[in-house]
Structures are given as structure tokens and as C-alpha cells.
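In: I would like to see how this sequence folds:
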Amino acid sequence: SDVRYTFIYETVQKYSKTPVRTEVIADNAHVMQFLDDSSCSVLSVAFTDKGPVINTSPTISSDRQIVFYKTRSTHIEDKNIGEVVNVTSISEDPTVAFYNIINKVFSPMLASGNIDSKLQKLMSQLESKLTAYVRHQAPSSNVEKMVNIQSITEEVEFWQYSQESTHRLVEKERAQIFLEFLNLIKDEVTSLDVTALDQTLDVMERIQDHLDDLWKQMPDNAKPYGESRMNDLLEIIGSHWISYIQRELSNLNIWTDAYHIVRDTLTAAIGVCDRFTTSTETLTQQFWKSFALQPWVGDKFICSNMVTFAKRLEEVLSIRVVHEQLIRLLTPGEQQNLDLAAAVKPFSKINPFYCNPYNLPAWNNAVKLYEKAMMPVEKKISEKLKKHFHEIEAQPHQLLREFQRYTELVVRPALKNELVAERETLLAQLLTYMKSLKDEFTKRTSGYNPGKVPSKSGKNLPEIINYVVWAQQLISRVTDTLTTAKNLLGDLQGYDSFARECEGLKTEMWSFIKDQVSMWVGEVEQLLDDRDNPIALQMGGKLMDLSHADGTLKVFYSERLVALLREVRQLTALGFTIPRKIQTVAGTAQKFYRHGVVLKQVANFYNSIDEQMLESQKMMMLDSALAFEETIKNPKQGVTGKAAAMQVTWDNPAELESYINRLQTAADKLTIENRRLRKCHFDIVEKVICLMGVD
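Out: Numbering: from 1, shown residues only. Down below sits the predicted model:
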């Protein structure tokens, strides 16, 4: 019956993890003293394993505590309990608790008001000293794990203080190295304030690069950035992304704004979440797992808050998509009769983008109310969809597209049951479609003919690439169909048989692709083993050769080598592993590709210059032609005798570059002279023609 004891008891009970008996409070002398003795100003309750320990003189303890204190010396009455008694909790080291209440409550509160500058300076100094102590000297702090750091800015400040406070050069250098990349990450996070949702991909990629660089820093005689601390840093960055998305969505009314704006914004937000999850998985499971100097030893990093947040975004988008599809299918009169607008009203009372265990019941309750309101609507919609699907059931592709269009509606449990017959019709048509794809694949791949490509997938693509791309396109069609069928038809009796058919066809197609790549590898390796085949660029071999039989100039950089370059590049882009032997040849060929192209241009010019010259002018150009031919026959400039006839080879880049420049100069000189003489010739022809008209 005593309100004062009830206040103490209920407050203690809320903070306690286990039930507290009423007599623990009601019969305690310290509680009585605090309530009735005006000189007793403090009552502390420590939550130990043995139960609450109550005292009037708080002590430093590792246990959680709740402290009641009076703002003035008086006894407690029913009327003054709210004015006189303040409550604070201590769930950690008292110094840390003191720092947190200064940093999170009183410092921002006082800074927002008109306070004396001296007091403001004292507060800043106090906060600064507390920050330094908590992060670097408090018993619970550990440089390998973040303590009381909740933002990227605070992490930067931590290492700045470390750099300034230590006297060890090694630690200063370590802090400086980490600060370089942490500041870059901080700048990217800060830039989000002026970045639109659909423009965050570059920011995400740069943050990933900076995190990768930070992890791979190996300071001399000092520890690298630890795994535990990196886990905390990734959590902080994930929280920054969630806060950023929530800010971007705060000005959007999900239920009343234009559908296309809501859809695009939510889709972009979900994309950001997915990219962050993919980015952290790539770092912790691929890049860092294989980093020999400091491999990531734990499981892949998963930001549980980000996963939960992304799931909520998907739920919101699904509800809004369903609502929009209902508006399309129902006439204005039907919408009014079914009170469609009222279906989403339960969501207007909550913020759907705050995801935590405390507002989850409110969200779930809103969803239940929405589902209840949807029951009469779904019955009407099922009739409309049945009629719509029956009208186009003779057109398999159109039927599939319409099912995909209304996926969010069709997958709802009530509509699934109502549309069983229509979904079975779609499943039968998809099975027929899969059989047609299989027949097409079998027909075009039976009796492999290296000279006949099954289907041209792209202009000027090498044969092997055409095979691979064509088969991958078929696999993509099968995969897309299977994904759609799983969502729409997964509960039907014939779905498992259909899924097995699809998976079997995909396996067959992948086997075909692997066989084609293996055949290509064997063919190329056989060519490389043949020393007489020009595909193997001989580094010590000569660049060109002038045939004595027909006088043509031949370049030893084969067209097959050019094709090999394209094949290796495109197969690598498609995700295939190329044997090291072929990669080495392709790398060498790529290195000299530019030179090979120039030499082929020179050779083509030399082999066709005779056709470009006028018969009457050939003797006039004899000196330039002989000089050009001499450059070809004697590539060594400034060398006489037998040494001049020595060939320039691919393995001498300096001589190769010089030789190509001299060839181009000689070819340009011959071209310019030929053009000049041809121009003179045709000028004279025109003058003679004019003279023929003179009487």
C-alpha cells in the first residue's frame, strides 16, 4: 500500500533479470533509511548471482547496479517522489558509465543551450579526459577489440590519440598506417550525406577497397589490424549504411506516394543492403581467407542487423506491390466497396523501417490486420485472375509473363489455393517448353562439327565462344524458368518432376560446355607443342621474312595467335580457368600485340605498294623503295657488315621499338612520295585534257 516502496520495487524488478520477492524491498532497513531519513541521499541495488544486494553507500563493483539518489536532503513522500528521486543504472565499469552519461546525455544537452563559455570549456576538457581514459586506460579496454566506439569517427579519434600519446616509434607508425585508410573510409561514409541511393555503388566499392587495404597492412614489428576489431568495424559500417537508408526513406510515404517512386526507392535500398552483405562476405571468405600474412580464421562476417533490415524492406515492398496490383485489377467502384484504402491503414501508425525486438510485435500486428482486411479482396481478385488466365492459356509464353507480372498476388496462400487449376496448366506448359529446349539442344549438338557453330551468339566471336555463350544462354533460360516455377508452382504435385527435368537439362548443358572448353584446351596445347606452328611466338625468332620466291613480306605474328588472345580473354571473362601454359603464351602475345599489328600494316603496305604505283613513275621512286627494302633486310641501324643482317627479335623490346619506328618512317616517306607523284601525274592529265579543247 506504500507508493514509495512500490516505486522502488517496480524499478528494481524491471532492471532485474530474475524475479525479485517483494519482501526483499519491503523488509530492507537500507530502503527504509533512504525513504525516511533526510540525511540518507543514496540507495544502490547491485544485481549479483545470489540476488539483489542493497546498500546506502554505492561501491565499485563488476555487477550491474541501479542507483536511486535524492536531489535534496529530505524524506520521501508520495507527493515529492517524482521531484526528489532520480534514478541511474550502471551496467559496466563505473568510469565507463560516467563517460557515457556525460558523452550521450549532459554534454549534448548543455551544448544545445545557452551556457557559460567557461562551463562549456570545462565540460569539453572533462569529456576529452574521460574519452582518453575509457578508450586507452580503463581496465576493460583492449586495443584488439573496440570498447565504447560506436562510429567510424570515434575509431579515427582512437588511433589519433594512440599516435599522439605513445612514445614508441613502432606504435606511432602503426597508428599512422591505420589512420591513412580509416580516414579514407570515414570520408566515404561522410559523403553519403550528399549521395543518392542509386549512386552508392561506387562508394560501396571504394569502402571495400579501403577495408581490404587496411586488413593487409603489415606494420614492422607491430600487430596488424586484428580480426576482432575488424568485426566491430564492419558492424559499425553496417550501422552507418542502415542509418543512411533510413534517412533516405524518411521523406517517403510508403503507402501513399506514387508507386513507381516507392518501388524504385525500395529496390535501390534493398540493393544497397545486398551489396554490403556480398561485399563483407567477399572480403572475409575470399580475399582475407587466402591472405597468407594474416588469414581470416573465423566464419564469414554477417551483419545480422543488415539482414533483418533488408528482410523488412522486402516485406514492405511486397505489400506495396500487392496493393498496386490490386488497384490495377479492381475498378474504382470495386475498390470503394471493398474499402481497399483501409487495408494499409494499420501500417500508418508505425515506422516500418525501425527493426528491433521491441517494435516487431507492432509490425506483426499490423501485418495481421492487413491480412484480415485482404480476405474479401482476395476472393474478388481470384475470380478476375481466373478469367484473365483462361483467356490466354493457349499462349504459353504470354501466360508465363502474366503469372510473373502478378507473382506477389499469386503466391499469397489464399490465391494459391483458388488458382490451382490455372497453375497446373502453367506447369504443364512449362514442362512442354523444357522438352522443346532439350530437343533444340540435342539437335544442335549431336554430331559435333568444328566448322559449324550451333547458333551465332555474337558478331565476330571465336567459334569456342559462340558454343559457350549459346549453351550458357540456354542454361540461363532454364534457370529463370525454374526460379519462376519454384515461387509460383512449388507446392503442386508435378513440380518435383519438373524441377528434376530442369536440373538434368542444366547438368547436360554444363557438361557440353566443359567438353567444348576441354577440346579447345587440347587443340591449343597441341598447336603450342608444334614448334613449326606460328601460334607459338618464338621470343628469339625473327620478326619478318622477305620471300625470295615471290618477293612478299611475311610477319611472324599469326592470325591464330590474335584469335587465341580473344579466346583467352573472353573465356576468362566467362569464368573459366585457363591452363598456365596457354596463359603464358597469351600473355606474351598480348605484350607484343601492338607491335605485331604495326608490323602487319607495314607488311601489307610493302606487299601492295607495287599496285599503288603508276607504271610510269616506278623508276622515279626507286631510291625510296630500295631504302625501305634495305631497312627490312638490315634491321640493325648503324651496323655494317654481317652484323647488319642480324635480325631484331621479339625478346629485345628496345631494338624492336626502334626498328618499328624506322620501318614506319621509311613507309611514310615512300607513301608521301607516291602520293605527291600521283597528284602531279593527275594534275598534268587534267591540263592535257583542257588543252585538247583548245582550237
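In: What residues does residue 354 make contact with?
Out: By CB atoms under 8 Å, 6 or more residues apart in numbering, residue 354 lies in contact with residue 246. C-beta: built from backbone N, CA, C; applies to glycine.
In: Could you rerun that using 10 Å?
Out: Residue 354 makes contact with 246, 309, 312, 360, 362, 363 under the criterion CB atoms under 10 Å, 6 or more residues apart in numbering.
In: Narrow the residues you listed to those in helices?
Out: 246, 309, 312, 360, 362, 363 (DSSP state H).
In: Using a markdown table, please lay out these together with neighbour count and pLDDT.
Out: As requested, these are exported to a markdown table (neighbours: other CB atoms under 10 Å; pLDDT from 0 to 100):
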| residue | neighbour count | pLDDT |
| --- | --- | --- |
| 246 | 15 | 92 |
| 309 | 23 | 94 |
| 312 | 18 | 94 |
| 360 | 13 | 86 |
| 362 | 15 | 88 |
| 363 | 19 | 91 |
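In: in stretch 337-346, what counts as buried?
Out: 338, 340, 343, 344, 346 (16 or more other CB atoms under 10 Å).
In: which ones are touching the first one?
Out: What that stands for is residue 338. Contacts of residue 338 by CB under 10 Å, 6+ apart are 326, 330, 373, 374, 376, 377, 378, 379, 380, 381.
In: which one of the residues you listed has the most neighbours?
Out: Among the contacts of residue 338, the one with the most neighbours (other CB atoms under 10 Å) is residue 381, at 26 neighbours.
In: All the helices of the stretch 101-250 of the chain, in order from the start?
Out: Assigned by DSSP state H, counting those that start in this stretch, the helices in the stretch 101-250 of the chain fall at 107-111, 117-136, 152-165, 169-191, 201-215, 227-249.
In: so which helix or strand takes in the spatially most central residue of the chain?
Out: Centroid-nearest residue in the chain, with CA atoms, centre = their mean: residue 275, separated by 3.6 Å. If you go by DSSP states H and E, residue 275 is part of helix 259-282.
In: elements contacting that helix?
Out: Applying 3 or more CB pairs under 10 Å, 6 or more residues apart in numbering; DSSP states H and E, one finds that helix 259-282 contacts helix 201-215, helix 227-249, helix 304-329.
In: Could you save these as CSV and add columns showing distance to residue 518?
Out: CSV is the format used below for the helices and strands packed on helix 259-282 (distance: least, CB to CB, whole Å):
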stretch, distance to residue 518
helix 201-215, 34
helix 227-249, 40
helix 304-329, 40
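In: do you know which of these lies nearest residue 124?
Out: Closest approach to residue 124 among the helices and strands packed on helix 259-282 is made by helix 227-249 (24.1 Å; CB to CB).
In: and the closest one, which residues are buried?
Out: 227, 229-242, 244-245, 248-249.
In: Using CSV, write out every CA atom in it.
Out: C-alpha atoms of helix 227-249 as CSV (Å, rounded to 0.1, in the frame of the first residue of the first chain):
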residue,chain,number,x,y,z
GLU,A,227,40.2,-9.8,-36.7
SER,A,228,38.1,-9.0,-33.6
ARG,A,229,38.5,-5.2,-34.2
MET,A,230,37.7,-5.6,-37.9
ASN,A,231,34.5,-7.5,-37.0
ASP,A,232,33.5,-4.5,-34.9
LEU,A,233,34.4,-2.0,-37.6
LEU,A,234,32.3,-3.9,-40.2
GLU,A,235,29.4,-3.8,-37.7
ILE,A,236,29.8,0.0,-37.4
ILE,A,237,29.9,0.5,-41.1
GLY,A,238,26.8,-1.7,-41.5
SER,A,239,25.0,0.5,-38.9
HIS,A,240,26.1,3.6,-40.9
TRP,A,241,24.5,2.1,-44.1
ILE,A,242,21.3,1.3,-42.2
SER,A,243,21.1,4.8,-40.8
TYR,A,244,21.8,6.3,-44.2
ILE,A,245,19.0,4.2,-45.8
GLN,A,246,16.6,5.1,-43.0
ARG,A,247,17.3,8.8,-43.6
GLU,A,248,16.8,8.5,-47.4
LEU,A,249,13.4,6.7,-46.8
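In: quick check: angle from that helix to helix 152-165?
Out: On the basis of axes from the mean of the first three to the mean of the last three CA atoms, to 10 degrees, helix 227-249 is oriented at 140 degrees to helix 152-165.
In: mind checking the longest helix of the chain?
Out: Per DSSP H, the chain has its longest helix at helix 653-692.
In: quick one: average pLDDT of that helix?
Out: In this model, helix 653-692 has an average pLDDT of 83.
In: other SSEs contacting that helix?
Out: Partner elements for helix 653-692 (3+ CB pairs under 10 Å, 6+ apart): helix 593-612, helix 622-633.
In: How far off centre is the first one?
Out: What that stands for is helix 593-612. The gap between where helix 593-612 is centred and where its chain is centred comes out at 46 Å by CA atoms, centre = their mean, to the nearest Å.
In: hang on, residue 29 packs against residue 43?
Out: No. Residue 29 lies out of contact with residue 43 (CB atoms under 10 Å); the separation is 11.2 Å.
In: Common neighbours of these two, please.
Out: 54, 56.
In: Please say which of these two ends up with more neighbours.
Out: residue 43 (26 against 9).
In: for that one, which residues make a bridge with it?
Out: Assessed by DSSP bridges, residue 43 has beta-bridge partners residue 68.
In: quick one: contacts for it?
Out: So residue 43 contacts 8, 12, 28, 30-31, 33-35, 54-58, 66-70, 76, 85, 87 (CB under 10 Å, 6+ apart).
In: re the thing from before, okay, the helices and strands packed on helix 653-692 in TSV with mean neighbour count and distance to residue 496 next?
Out: Formatted as TSV, the helices and strands packed on helix 653-692 follow (neighbours: other CB atoms under 10 Å; distance: least, CB to CB, whole Å):
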stretch	mean neighbour count	distance to residue 496
helix 593-612	16	52
helix 622-633	15	71
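In: looking at the ones you listed, which is closest to residue 490?
Out: Closest among those, using CB to CB: helix 593-612, at 51.1 Å.
In: Would you agree residue 493 is in contact with residue 424?
Out: Yes. Residue 493 lies in contact with residue 424 (CB under 10 Å); the separation is 8.5 Å.
In: out of those two, which sits in the busier spot?
Out: The neighbour comparison of residue 493 against residue 424 (other CB under 10 Å) goes to residue 424, with 15 against 8.
In: Might you report the residue contacts of that one?
Out: Residue 424 makes contacts with 489, 492, 493, 494, 495, as judged by CB under 10 Å, 6+ apart.
In: Helix, strand, or coil at residue 45?
Out: Going by DSSP: H, G, I helix; E, B strand; the rest coil, the secondary structure assigned to residue 45 is strand.
In: Look at it and report its pLDDT.
Out: 90.
In: Distance of it relative to residue 517?
Out: Distance from residue 45 to residue 517, counting by CB to CB, to the nearest Å: 72 Å.
In: which one of those two has more residues nearby?
Out: The residue with more neighbours, out of residue 45 and residue 517, is residue 45; 27 against 18, by other CB under 10 Å.
In: Distance check, the more buried one against residue 495.
Out: 60 Å.
In: And residue 631, by the same measure?
Out: Taking CB to CB, one finds residue 631 at 73 Å from residue 495.
In: likewise residue 51?
Out: 58 Å.
In: Between the two, point out the one with more neighbours.
Out: Between residue 51 and residue 495, counting by other CB under 10 Å, residue 495 is the more crowded of the two (20 against 13).
In: dump the residue contacts of the more buried one.
Out: Going by CB under 10 Å, 6+ apart, residue 495 touches 423, 424, 427, 430, 431, 482, 485, 486, 488, 489.
In: Apply 6 Å and report the result again.
Out: residue 489 (CB atoms under 6 Å, 6 or more residues apart in numbering).
In: Equivalent analysis for residue 621, please.
Out: Residue 621 neighbours (CB under 6 Å, 6+ apart): residue 673.
In: Can you give me the separation between it and residue 202?
Out: For residue 621 relative to residue 202 (CB to CB), the value is 57 Å.
In: for residue 665, same thing?
Out: Residue 665 is 45 Å from residue 202, by CB to CB.
In: Perfect, that will be all.
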